[in-house]
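Colleague: make a model of this:
(4 chains)
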4 protein chains.
Amino acid sequence: MEAFSDGVFSIAATLLVLDIAIHPPGTALEQLQHAWPAYLGYIVSFLTIGAAWLAHSALTDRLTRADSLLLRINLVLLLVVGFLPFPTKLVAEGLHDTDAERAFVTLYGLTLLTISILGWTLDAYARHEKLYRRGEDDEVLQAERRDIWPVVGAYVIAIVVGLALPKLAVALYFGLAVFLVVPFRDLRRLLRRS
Amino acid sequence: MEAFSDGVFSIAATLLVLDIAIHPPGTALEQLQHAWPAYLGYIVSFLTIGAAWLAHSALTDRLTRADSLLLRINLVLLLVVGFLPFPTKLVAEGLHDTDAERAFVTLYGLTLLTISILGWTLDAYARHEKLYRRGEDDEVLQAERRDIWPVVGAYVIAIVVGLALPKLAVALYFGLAVFLVVPFRDLRRLLRRS
Amino acid sequence: MEAFSDGVFSIAATLLVLDIAIHPPGTALEQLQHAWPAYLGYIVSFLTIGAAWLAHSALTDRLTRADSLLLRINLVLLLVVGFLPFPTKLVAEGLHDTDAERAFVTLYGLTLLTISILGWTLDAYARHEKLYRRGEDDEVLQAERRDIWPVVGAYVIAIVVGLALPKLAVALYFGLAVFLVVPFRDLRRLLRRS
Amino acid sequence: MEAFSDGVFSIAATLLVLDIAIHPPGTALEQLQHAWPAYLGYIVSFLTIGAAWLAHSALTDRLTRADSLLLRINLVLLLVVGFLPFPTKLVAEGLHDTDAERAFVTLYGLTLLTISILGWTLDAYARHEKLYRRGEDDEVLQAERRDIWPVVGAYVIAIVVGLALPKLAVALYFGLAVFLVVPFRDLRRLLRRS
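Modeller: Residues are numbered from 1 along each chain as shown, chains lettered A, B, ... in the order given. Coordinates of the predicted model:
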């Protein structure tokens, strides 16, 4: 289960680069600057997949076994993670076109929301079926559980916001990805010590 | 053998997303809706590769050793799994064109059929050569063996149906992929308990 | 060393599918038939990468350690394996054009030749530096060593033939890939027993 | 952490081949020759990723544990490694156009510089937090630490040079990649012995 999952996570993350492209008109520098939605989409999606993978491997490391239903929930999660490069490409290309960007940013948000809900489902099922090692249901997993509903809520808000203001929604997704990846607790600890 | 196989399975599954594209004319929303065969193809192929991988890792986990013929049968299986993104792309693009869709859906069905037959061959060879651990020729493998001939039969029927009604065949492939992935036994057990 | 190598081998093999495409004019069926060089290129390159990976993992399994020069030779081997999808695409697209096919088939053959020579170099260096486990310099590796010079010779002949008759050279590469992958010894043993 | 990292490194390296393409006009041979910046870009990027991976696995092999901040620094490093195929494609396509090549070669150099600085950060953090096994802070890591500042300095010089002479900068990046990969110490030892 881990080899296939790690494969899909790392490939989906690395395929994102194929969504970055520059287009005429303009000088080379202008073309590079004009592609900022592509860079933003790359960063948001890469960090989101990275955060999902960190949570996923915290989860799988603590499993004593994987029953067949867990494997299937995992497969559906991977299906959605593997889909992410498509809405990322749409956002990268559509963010200069007001008609298109609303539809594309909404699809993007729904994909991110689905990934977080499926991640929650995987964890909830593993707990319900007692697939975790005893006493190891540890800090990282608990912190992630505490964070999941605010995150899901933030995705829902960003999706609604995106219907009116797509560019703001992308900024929110960027903020959420940074929030999911940056370990504020550890930074605070590090700063306090030094 | 496992690292290379897991690699090919997870890469082939993740490359499928490159087959999804939207095309003018129409508004962004219409373009997204018009691409439904691409989403369907992505889901069917991803689930089929996922199911093949689940069966494949159930098989390789129980091997005591891999002789060189087994490695070669496996290589041919991977060759066909790695080929699947091509007919998937054809189905995704051709499903709006009645002339093209018949040819493409047939190629797609033949690829799925070949994967299931090669999976069966791999298992049959491993049993014939006694490469499995004793007493571990377990439930999952036996359940898969029971299921294989109905599945092969269903693929043959879907291929024949597809010659006349390609869209119905795609629906059948979708049904088969869902059937292969959903663990009905486990769901029943889960429902009974709760 | 193994994770990165297995990654490059399996990704290079799976990326080959992106080289397959169909082009107008013609009905869907004619387009599919017209793409035969793409299928042939896919099969030859996939089997060649598969055979190279089989030999490579037979080699790495027997290493006691990997010194830094071995890691670098391996890196150059991976660089050429990772390059193979490019000449494969050229052969797939150029085989209908007599001017182009000669140049493309020659580049393809030189890439295959370089892979086999670098594989030989890796093995020769590992032996010279005594990096193999004692007494485990086994049958598979010895059989591969016996085969390597005829294979290199056959590649050279095919490259020369390809300068005049590119299509014949592709047929030779196909024959060589099948020869490298099919375990004739095992088949004979299997037939004798039954 | 290792599976995901190895995945991103090997996929980013192998995706580089997709950046190689030939374009009309000219005979097939002329088109192949005209694509030399693409080959050069492929080799430089592949070797740079290979060298980064060698350093990265020397680092991760010696970790006793990975705290959450290290995982995040690693994720940002992977984000930049996964981005490398994009500037590589730009260099491959833009090196025939004097306006474009300056912008593209600078972006390429900045990406390489960022990778080396992030690699240094990862190592510095691991040392600062005492995440390495005691007494195993060994020769390879120390040699890499000694080399890192000259390498960073060379990247900065090459970036500045590239503003005036982009083609010379590409030659410098090629030289640096070769320098990072070729194990001069081992070659000298090998030559001395024989």
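Colleague: list the contacts of A:Leu90.
Modeller: Going by C-beta atoms under 8 Å, 6 or more residues apart in numbering or on different chains, A:Leu90 touches A:100, A:104, A:107-108, B:22. C-beta here means a position set from N, CA and C on the backbone, and glycine is covered the same way.
Colleague: I'd like the residues you listed written out as JSON lines, with distance to chain C and pLDDT added.
Modeller: Converted to JSON lines, the contacts of A:Leu90 look like this (distance: C-beta to the nearest C-beta, whole Å; pLDDT from 0 to 100):
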{"residue": "A:Ala100", "distance to chain C": "26", "pLDDT": "86"}
{"residue": "A:Phe104", "distance to chain C": "24", "pLDDT": "94"}
{"residue": "A:Leu107", "distance to chain C": "24", "pLDDT": "96"}
{"residue": "A:Tyr108", "distance to chain C": "24", "pLDDT": "96"}
{"residue": "B:Ile22", "distance to chain C": "19", "pLDDT": "91"}
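Colleague: quick check, nearest of the residues you listed to D:Gly82?
Modeller: Nearest to D:Gly82 out of those is A:Tyr108 (C-beta to C-beta; 18.9 Å).
Colleague: just give the closest residue to that closest one, not the sequence neighbours.
Modeller: A:Pro87 (4.0 Å; C-beta to C-beta, 6 or more residues apart in numbering or on different chains).
Colleague: count of neighbours near A:Val76?
Modeller: Using other C-beta atoms under 10 Å in any protein chain shown, A:Val76 is surrounded by 18 other residues.
Colleague: typed the wrong thing, it's A:Thr60
Modeller: If you count neighbours by other C-beta under 10 Å, A:Thr60 ends up with 17.
Colleague: now do the SS call for it.
Modeller: helix (DSSP: H, G, I helix; E, B strand; the rest coil).
Colleague: per-residue confidence at the spatially most central residue of chain A?
Modeller: Nearest to the centroid of the C-alpha atoms of chain A, with distances taken as C-alpha atoms, centre = their mean, sits A:Thr48, at 2.6 Å. Reported pLDDT at A:Thr48 in the predicted model: 92.
Colleague: which element is it on?
Modeller: helix A:36-61 (DSSP states H and E).
Colleague: show me what residue of chain A gets nearest to chain D.
Modeller: Residue of chain A nearest chain D, by C-beta to the nearest C-beta: A:Ser10 (2.9 Å).
Colleague: A:Val106: what's it in contact with?
Modeller: Careful, residue A:106 is Thr; it's not Val. A:159, A:162-163, A:166.
Colleague: let's see that with 6 Å instead.
Modeller: Contact partners of A:Thr106, counting by C-beta atoms under 6 Å, 6 or more residues apart in numbering or on different chains, are A:Gly162.
Colleague: any idea how far the host helix or strand of A:Leu163 is from the chain center?
Modeller: Per DSSP H and E: A:Leu163 is located in helix A:139-164. In this view, helix A:139-164 has its centroid 11 Å away from the chain centroid, taken as C-alpha atoms, centre = their mean, to the nearest Å.
Colleague: which strands and helices lie in contact with that helix?
Modeller: helix A:36-61, helix A:98-128, helix A:166-181 (3 or more C-beta pairs under 6 Å, 6 or more residues apart in numbering or on different chains; DSSP states H and E).
Colleague: which helix or strand contains the residue nearest to A:Phe4 when sequence neighbours are not counted?
Modeller: Leaving aside its chain neighbours, A:Phe4 sits nearest to B:Ser10 (5.0 Å; criterion: C-beta to C-beta, 6+ apart). B:Ser10 is part of helix B:2-15, with elements assigned from DSSP H and E.
Colleague: can you list the weak-confidence ranges in chain A?
Modeller: Scanning chain A with the threshold set as pLDDT under 70 gives A:135-141, A:185, A:194.
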